[in-house]
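> fold the following and give me the result.
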Amino acid sequence: MLLFPPPRKAHRHLVVPIAMCLFVPEAYSRTQSKDYNLDISGEIRIGYVTRDNAGDSNKSFDFLSNSNRNDNDFLYTRSSLSVALKADERTSARVTIRDQRAFGDQRDPSPREDWIDLYEAYLDVGLTDVSTLRLGRQEVAFGSRLIVGTPNYRDGRSYDAVHLKLKGERHTLNAAIGRQVERDRASFNLSSSQPWMAAIFLDSPASHDDHLSWDSTLAFKHQNTDSRNPIDIGTWGIRLKSPKSISPWFWSAEAAYQFGSINRSNERLDHAAWLFQGRIGRKFADLPGSPTITLEYLHSPGDSDSNDGKSETWDLMFFGGAHPRSGRMDLTGWRNIQYLALTTQAKPYQGVTVGASTTGYWIENTQDGFYAQGGNSPRNRNGYGIRPEASKDIGWEFMLWAKWKHKAGFSLLIEAGHFAVGDYVEESLAASGGAENAQLLSITGGYKF
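Sure thing, here's the model as predicted:
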């Protein structure tokens, strides 16, 4: 695939990130006097992504042969500027302005775009020595981010929320309530159309090297009843992590259960679903680069009968671990799926990490559909849909990546992937022109100050 020609007037869109690079570091240097309790920081990120046979916003075209809707390549930028003020030991505030642009993206509007907007604006107040209250627009991430989180790789996510943190001798309790902020490219980002989020998170680190550590999240999702799809779902999850005493081995296991009700086709359905994820690995500290090998398994059942008045497919809630935990090619979601992933990575030089992974994906229940990453509805065109007679083999993803970070704030990430389709995809697309494997190349450079 050839790199697209620069769009007209694209240079105008680059004014914001370039200005941050030129002027903000100088402003930052002026704030380091002891006379000020002000801190200025930020990030500039520029990336290039090219996708073959899987890149359209309508995921029902993924892997479709001879389609002009599933190839895409584009440049993108993300720049942010944060100002933090510490008034005293118990009072501080932070404001972050973020700008995201895309050039040449065939998707319109591009999900990568969110022109200059308010990403964070919160006040921290220390109520006591062990309790803190955060008010305003903020990131919220608990535990593994399975239930409530902020994606830490690409676009991030903020909430208009109230967040209380209580820290004890052994345990930490977090409680938050608010709404996820919806990105709007041309208007100020608001949260009024998003579901309500309420969550409690208890973290219990191990007190001794031979003890397990664990954390637990209880969260609720409520969508207003006057919306198209009213939702009232609760989710309780618990995660266990291995004791340090078994090093160089490590493991973790996480399970969660959902309950409540949802609307589907104007019908109110009882909702009950569960999910399990486990991983085990070993670090070889005595080998060059200290390589790590990890085996990971996910089981997320689908709906066994779409006509029985019940919903059994996992709801994503406020999932914050999409990339790379849903696959580095971003083609699959954690709904009605099983996967088995073998990952290895090493650090051959200071600041350099290289890795490779192989992941197999299978439909959990053919009475349900094939879901895309972040999607609450399955693919439903070109032969995709509920296929009880179909094979369960979705395909295999093969990834290579390399990361470089410099202590001065510079970074570079290169990812290359190949998705070999399985029988499920081939059978689904057979009558629409057939299926093809998919490829990905992503290059991202950044600078943090």
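
> so which strand or helix has Ile116?
Here Ile116 sits within strand 114-126, counting by DSSP states H and E.

> ok, residues contacting that strand?
Applying CB atoms under 8 Å, 6 or more residues apart in numbering, the external contacts of strand 114-126 come out as 16, 80, 82, 89-101, 132-139, 155-156, 158, 183-186, 188-189. Glycine gets a C-beta too; all of them are placed from N, C-alpha and C.

> do stretch 438-449 as well
Stretch 438-449 has contacts (CB under 8 Å, 6+ apart) with 21, 24-25, 28, 41-54, 62-63, 70, 328-329, 331, 409-419, 421.

> I figured Thr343 was touching Ala356, is that so?
Yes: taking contacts as CB atoms under 8 Å, Thr343 lies within contact range of Ala356: 7.4 Å.

> these two - which one has more neighbours?
Thr343 (19 against 13; other CB atoms under 10 Å).

> report all helices and strands that the strand or helix carrying Ala416 contacts.
If you go by DSSP H and E, Ala416 is part of strand 410-421. Applying 3 or more CB pairs under 8 Å, 6 or more residues apart in numbering; DSSP states H and E, we find strand 410-421 packed against strand 393-405, strand 438-448.

> need those strands in JSON lines (columns: distance to Trp251 and mean pLDDT).
Converted to JSON lines, those look like this (distance: least, CB to CB, whole Å; pLDDT from 0 to 100):
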{"stretch": "strand 393-405", "distance to Trp251": "22", "mean pLDDT": "97"}
{"stretch": "strand 438-448", "distance to Trp251": "30", "mean pLDDT": "96"}
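
> can I get the ones you listed in JSON lines with distance to Pro291 and mean neighbour count?
Formatted as JSON lines, the helices and strands packed on strand 410-421 follow (distance: least, CB to CB, whole Å; neighbours: other CB atoms under 10 Å):
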{"stretch": "strand 393-405", "distance to Pro291": "14", "mean neighbour count": "18"}
{"stretch": "strand 438-448", "distance to Pro291": "23", "mean neighbour count": "18"}
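
> quick one: Arg381 from Asn189, how far?
Separation of Arg381 from Asn189 (CB to CB, to the nearest Å): 30 Å.

> more neighbours: which of these two?
Higher neighbour count among Arg381 and Asn189: Asn189, with 17 against 12, using other CB under 10 Å.

> doesn't Ala430 belong to a helix?
Yes: judged by DSSP: H, G, I helix; E, B strand; the rest coil, Ala430 forms part of a helix.

> okay, now it: neighbour count?
Applying other CB under 10 Å, we find 12 residues neighbouring Ala430.

> got any ranges where the stretch 301-449 of the chain has weak pLDDT?
321-326 (pLDDT under 70).

> residue contacts, Asp99?
Per CB under 8 Å, 6+ apart, neighbours of Asp99: Val16, Pro17, Thr77, Arg78, Ser79, Ser80, Asp114, Trp115, Ile116, Asp117.

> Glu254: which of the helices and strands packed on strand 410-421 is closest?
Among the helices and strands packed on strand 410-421, the nearest to Glu254 by CB to CB is strand 393-405 (21.3 Å).

> sheet partners, orientation included, of the closest one?
Strand pairing for strand 393-405, determined by DSSP bridges: strand 352-363 (antiparallel), strand 410-421 (antiparallel).

> for Trp214, grab the count of nearby residues.
Neighbour tally, Trp214, other CB under 10 Å: 18.

> just checking, it touches Arg239?
Yes: counting by CB under 8 Å, Trp214 touches Arg239, with 6.4 Å between them.

> can you give me the helices in the stretch 201-350 of the chain?
322-325 (DSSP state H, counting those that start in this stretch).

> what about the strands in it?
Ranges of strands within the stretch 201-350 of the chain are 213-223, 231-241, 249-264, 267-283, 292-300, 310-311, 337-349, based on DSSP state E, counting those that start in this stretch.

> any idea how many residues pack against the residue nearest to Ile238 when sequence neighbours are not counted?
Using CB to CB, 6 or more residues apart in numbering and skipping the chain neighbours, the partner closest in space to Ile238 is Ser216 (4.5 Å). Neighbours of Ser216 under the rule other CB under 10 Å: 18.

> residues contacting Ser216?
Per CB under 8 Å, 6+ apart, neighbours of Ser216: Gly143, Phe201, Leu202, Trp236, Gly237, Ile238, Arg239.

> just give me the closest of the residues you listed to Gln277.
Using CB to CB, Arg239 comes nearest to Gln277 of those, at 8.8 Å.
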